[in-house]
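Next one to model:
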Amino acid sequence: MRQRLSRGSERGEQRGGGRERGAERSEQRYVYGVNPVLESLRAHAERVERLFVTEGQLAAKAAAEIFSRARDAGIRVERVPRERLVAMADGGVHQGVVAELRGFEYAELEDLLEAAGKSGRPALLVVLDGIQDPHNFGAIIRSAHAMGAHGVVIAKDRAVPVTGVVAKASAGAVEHCPIARVVNLSRALEELKEAGVWIAAADPHSNQPLWSARLDGPLALVVGAEGAGVRQGVLEHCDFRLGIPMLGQVGSLNASVSAAILLYEAARQRGTSRSVAGS
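Predicted coordinates for the structure are as follows:
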């Protein structure tokens, strides 16, 4: 029988958690590549301090929008040698443009729940336990935003922060998907429960396939690092565990792939559809 998600008043009213309000900000960072830079300018131009470009490497169409938005926002543009962009991007594919941004502003857990309430849709969050690979992290943010999640939750310790590599891997989605950073992941899960959210963990050892559960109610999907998975101490705070049935010989999936599959199934059950990719 499919498990219905309808957690309600038995968890009580939402608790503030005793944390002070106010966005936490990381150190200054560089974002590189056409899409991440454009999304930074479109979403939060006020956070962009400077732009660095290399002559002849930036595509004309992209350059026109980048320069136009920089001019409108009063952002200084510097033309620099290619070698300097390579250093700023730490060897990543910069496509001729790098943006220097103020530190990334993390959201509070309550902000994500508030965003869900304002959307008129059941909360859908992604909680990451021990994801330390920036490419995995960025890909998960991209999938979360694409599938309509209201945000991503990470821990302050044992987790990669938002960096230029993460922004690049997210294709700019990091500028649109709120990310909350919490001190204690288990405590955060309990706060989500009190707010009426059910907690489902991705677990390759679970006998319950993801499509057998109802994922159309308020839900947080917990995904662990590749190999280690979700830690036992965190699993104990989850309501149920979901497995992704596989036919091949490989025992587990990449963390970002697992997250994408779980998010897609949740979106499918909710009827979340805006457009078909490629149409």
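
Can you list the low-confidence ranges for the stretch 1-150 of the chain?
Within the stretch 1-150 of the chain, the set of residues satisfying pLDDT under 70 comprises 1-27.

mind listing the helices for it?
Counting by DSSP state H, counting those that start in this stretch, residue ranges of the helices within the stretch 1-150 of the chain are 34-44, 60-73, 82-88, 109-119, 134-146.

for the record, mean pLDDT for stretch 226-234?
Mean per-residue pLDDT for stretch 226-234: 88.

So Gly227 sits against Ala255, correct?
No. Gly227 is beyond contact range of Ala255, at 9.0 Å (criterion: CB atoms under 8 Å). Every C-beta, even on glycine, is put in place using the N, C-alpha and C of the backbone.

more neighbours, these two?
More crowded of Gly227 and Ala255, by other CB atoms under 10 Å: Ala255, with 26 against 8.

most residues in a single helix of this structure, which one?
For the chain, the helix with the greatest residue count under DSSP state H is helix 255-270.

quick one, that helix and helix 134-146 angle?
Orientation note: helix 255-270 sits at an angle of 10 degrees relative to helix 134-146 (axes from the mean of the first three to the mean of the last three CA atoms, to 10 degrees).

Next, the buried residues of helix 255-270.
Using 16 or more other CB atoms under 10 Å as the test for burial, helix 255-270 gives 255-263, 265-267, 269-270.

go on, stretch 90-104?
Result for stretch 90-104 [16+ other CB under 10 Å]: buried residues Gly92, His94, Gln95, Gly96, Val97, Val98, Ala99, Glu100, Leu101, Phe104.

Relative to Ile199, tell me which of the helices of the stretch 1-150 of the chain wins on proximity.
Among the helices of the stretch 1-150 of the chain, helix 109-119 comes nearest to Ile199, with 13.2 Å by CB to CB.

give me the element the residue lying closest to Asp129 once chain neighbours are set aside is part of.
Leaving aside its sequence neighbours, Asp129 sits nearest to Gly224 (CB to CB, 6 or more residues apart in numbering; 4.5 Å). Counting by DSSP states H and E, the element that carries Gly224 is strand 219-224.

send the alpha carbons of that strand over as CSV?
C-alpha atoms of strand 219-224 as CSV (Å, rounded to 0.1, in the frame of the first residue of the first chain):
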residue,chain,number,x,y,z
LEU,A,219,8.3,16.5,1.9
ALA,A,220,12.0,16.7,2.6
LEU,A,221,14.2,14.3,0.6
VAL,A,222,17.5,13.4,2.4
VAL,A,223,20.4,12.4,0.2
GLY,A,224,23.8,11.3,1.5
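
Give the other helices and strands that the helix or strand that comes right after it contacts.
Downstream of strand 219-224, the first helix or strand assigned by DSSP H and E is helix 232-235. When contacts are defined as 3 or more CB pairs under 8 Å, 6 or more residues apart in numbering; DSSP states H and E, helix 232-235 sits against helix 185-194.

partners of the helix or strand following the helix it packs on, with directions?
For helix 185-194, the succeeding helix or strand toward the C-terminus, using DSSP H and E, is strand 198-202. In the sheet, strand 198-202 lines up against strand 219-224 (parallel), strand 240-242 (parallel) (DSSP bridges).

Show me what counts as buried in strand 198-202.
For strand 198-202, the neighbour count (16+ other CB under 10 Å) marks Trp198, Ile199, Ala200, Ala201, Ala202 as buried.

for these, which one is nearest Phe240?
For the buried residues of strand 198-202, the nearest to Phe240 is Ala200 (5.7 Å; CB to CB).

what's the distance between that closest one and Glu265?
To Glu265, Ala200 is 10 Å away according to CB to CB, to the nearest Å.

overlap in contacts of these two?
Leu215 (CB atoms under 8 Å, 6 or more residues apart in numbering).

where in the stretch 151-279 of the chain is pLDDT low?
Using pLDDT under 70, the flagged stretches of the stretch 151-279 of the chain are 249-251, 272-279.

The closest residue to Ile179 other than its chain neighbours: what's it in contact with?
Once flanking residues are discounted, Ile179 sits nearest to Val152: 4.9 Å by CB to CB, 6+ apart. Taking CB under 8 Å, 6+ apart, we find Val152 in contact with Leu125, Val126, Val127, Leu128, Ile140, Ile141, Ala144, Cys177, Pro178, Ile179, Ala180.

Since that was my last question, I'll sign off now.
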